[in-house]
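S.K.: Sequence and predicted structure are below.
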Amino acid sequence: MNLMWFRRDLRTLDNSALNQALANGATFAIFIATPQSWLNHEMSAAQADLTLRALSPLQQSLQQLGVSLKVLFAKDYAESIKHIEHLCQTYAIQTVYFNREYEENEIQRDKQLCQRLSAHNILCQSFDDQCILPPKSVCKQNGNYYQVFTPFYRRWRALLLNLPSCQYPRKQQNPFPAFSSSPNSIDEIYQQTMSYFTDPHGALQHCQQAYLANEHSALSKLHTFIEEKLAHYPEERDIPSIEGTSGLSPYLAIGLISARTICQQVMMASDSEASNTFISELAWRDFCKHILFYRADLIRHHAFLTLDRYLPWRYDAKDFKRWCNGQTGVPIVDAAMRCLNATGFMHNRLRMIVAMFLTKDLFIDWRLGERYFMQNLIDGDFSANNGGWQWSASVGNDAVPYFRIMNPYTQGKRFDPHARFIKTWLPEVRSIHANILHDENKLQNHLSTHPNAYPKAIVNHKQARQQTLELFKQAKASS
């Protein structure tokens, strides 16, 4: 008898552990909600909600395969291990199957489980499933891992030629319905788990309407993207006022769809500059996970580069709060942050802009921004989020050079020229012309002569840039 343990892989299509479990005998399945551990990892209420809403549809999909799913509650990872040990003994489980996770606490959890079960002669079988190409598979000739994305990407693309086809699960006979959770019990676990979370900005309702939590919705969104948006992806992906991206990141984060499925469907649909541009973003996601695999210390808020230790980061609570609330007086930054707070999502170009503003204009420690993103994003993924923040702060592997500092006004003019996105989220500036909003001096002069609810900028970009450059030069000299 096999037990399939679902975590961030809430799907039946192309699920490595599930496929192997079903291929090797009768299989039951479990999912364990662990809200305290989720909170310890800064999971947002929106992502917890999406995860829990996906369980009933997953149960229905598994029933079609003859697999029963039981949903359990455990306060934390330690308690979840006890639940699994008890279930394995109760139902005479011989092998537990699960897909690997690469964060340090998750690795330790799985190691402890395997040790506990080994005492009962119960096996654990784990699989690489989060990446398109797993860690250790994309290496230099000398066996070392890549620290720079471009050579990693070249090797990664070459290895894609051997990527196996997406796997469809086999149906098993004689399901064991007594093992399943009832809809009422799943609802009770939802309520119990969500009681640990708060929704300070009211994003939960928007997320529930915007993201249907089932595998079919994820696949439908992929097909819609391929048919309607992929051809224009290179030009439209950086424009926040339109939906030019795939919108798949929330589903990827909890595993309602696999990165392999996305990659293969896009490659089958098109061999063009647009598809290659999109696939390079999937490669970046793999790259971040590979880096985390080799540098476990990143999970403990360490920077990849030692330079970080010599930078005198600021911890100004007032400035940080104004950044969080979208009250910095810099239109594109404030619009992006208010959008995040209200929807649980932020456009990728905007993530770079606001991250660089926090770390280079305000010179506030990137870890504070990293944590805030994880606490509010529905698609929060530690490795990608950490990689993005260290890139923007110029302390990560293959990070942006410290002297390349984005001008938020220029970025706004380039990617939101008519200020459509800005005015959507900043109602107090709707009467101000876009040309003024995209010019630091003009905007400050306008606000001085036209009283407005919108605040003046808390920092002068040109002056902040010069100060940051000097601090980085000093840090490099010391490191």
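M.R.: Arrived safely, thanks for sending. Here the structure is a predicted model, which means the values were calculated and not measured.
S.K.: Going by C-alpha atoms from here, please, whenever you check contacts or count neighbours.
M.R.: Fine.
S.K.: Distance check, A303 against G396.
M.R.: Distance of A303 to G396, given as CA to CA, to the nearest Å: 6 Å.
S.K.: for the protein, what are the low-confidence residue spans?
M.R.: Applying pLDDT under 70 to the chain picks out residues 174-177.
S.K.: Phi and psi next, for the residue nearest the centre of it.
M.R.: Central residue of the chain (CA atoms, centre = their mean): D381, 2.7 Å from the mean position. The phi and psi values for D381, taken as degrees, to the nearest 10, are phi -140, psi 120.
S.K.: Can you list the residue ranges for strands in the stretch 1-150 of the chain?
M.R.: Assigned by DSSP state E, counting those that start in this stretch, the stretch 1-150 of the chain shows strands spanning 2-6, 27-33, 69-73, 95-99, 123-127.
S.K.: For M43, find the nearest of the ones you listed.
M.R.: Of all the strands of the stretch 1-150 of the chain, strand 27-33 sits nearest to M43, with 12.4 Å by CA to CA.
S.K.: end to end, how far does stretch 245-260 reach?
M.R.: Stretch 245-260 stretches 18 Å from its first residue to its last (CA to CA).
S.K.: For the residue nearest to the centre of the chain, which non-adjacent residue is spatially closest?
M.R.: The shortest distance from D381 to any non-neighbouring residue, by CA to CA, 6 or more residues apart in numbering, is to A253 (6.0 Å).
S.K.: In PDB, list the C-alpha atoms belonging to the one helix or strand that neighbour maps to.
M.R.: In the assignment (DSSP states H and E), A253 maps to helix 249-254. C-alpha atoms of helix 249-254 as PDB (Å, rounded to 0.1, in the frame of the first residue of the first chain):
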ATOM      1  CA  SER A 249       2.600  32.400 -11.300                       C
ATOM      2  CA  PRO A 250       0.000  31.800  -8.500                       C
ATOM      3  CA  TYR A 251      -0.800  28.400  -9.900                       C
ATOM      4  CA  LEU A 252       2.900  27.600 -10.300                       C
ATOM      5  CA  ALA A 253       3.600  28.600  -6.700                       C
ATOM      6  CA  ILE A 254       1.200  25.900  -5.300                       C
END
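S.K.: Go through the helix or strand that comes right after that helix and flag the buried ones.
M.R.: Sequence order places helix 259-269 as the next helix or strand after helix 249-254, per DSSP H and E. Neighbour counts over helix 259-269 (16 or more other CA atoms under 10 Å) mark A259, R260, T261, I262, C263, Q264, V266 as buried.
S.K.: Helix 259-269: how far from the chain's middle?
M.R.: Relative to its chain's centre, helix 259-269 lies at 19 Å (CA atoms, centre = their mean, to the nearest Å).
S.K.: swap in stretch 120-138?
M.R.: Mean-position distance between stretch 120-138 and its chain equals 20 Å (CA atoms, centre = their mean).
S.K.: which outside residues touch that stretch?
M.R.: Stretch 120-138 is contacted from outside by 15-17, 88, 93-101, 114, 117, 145-146, 152, 155-156, 159-160, 163, 255, 258-260, 263, 285-286, 289-290, 293, using CA atoms under 8 Å, 6 or more residues apart in numbering.
S.K.: Could you tell me the end-to-end distance of that stretch?
M.R.: 36 Å.
S.K.: Next one: the nearest residue to M1 once chain neighbours are set aside relative to H120, how far apart?
M.R.: Of all residues not flanking M1 in the chain, I93 sits nearest, at 4.9 Å (CA to CA, 6+ apart). With the distance defined as CA to CA, I93 ends up 10 Å from H120.
S.K.: before we move on, what about C166?
M.R.: Applying CA to CA to C166 and H120 gives a distance of 34 Å.
S.K.: more neighbours, the two?
M.R.: The neighbour comparison of C166 against H120 (other CA atoms under 10 Å) goes to C166, with 16 against 12.
S.K.: Looks like the more buried one contacts A259 (just checking).
M.R.: No - C166 lies out of contact with A259 (CA atoms under 8 Å); the separation is 10.3 Å.
S.K.: those helices in the stretch 351-479 of the chain, which residues are they?
M.R.: Remark: helices assigned in the stretch 351-479 of the chain by DSSP state H, counting those that start in this stretch are 366-376, 382-393, 408-415, 420-425, 434-437, 440-449, 461-478.
S.K.: Sort out which residues of stretch 79-89 are buried, please.
M.R.: Within stretch 79-89, the residues scored as buried using 16+ other CA under 10 Å are S80, I81, I84, E85, C88.
S.K.: Much appreciated, bye for now.
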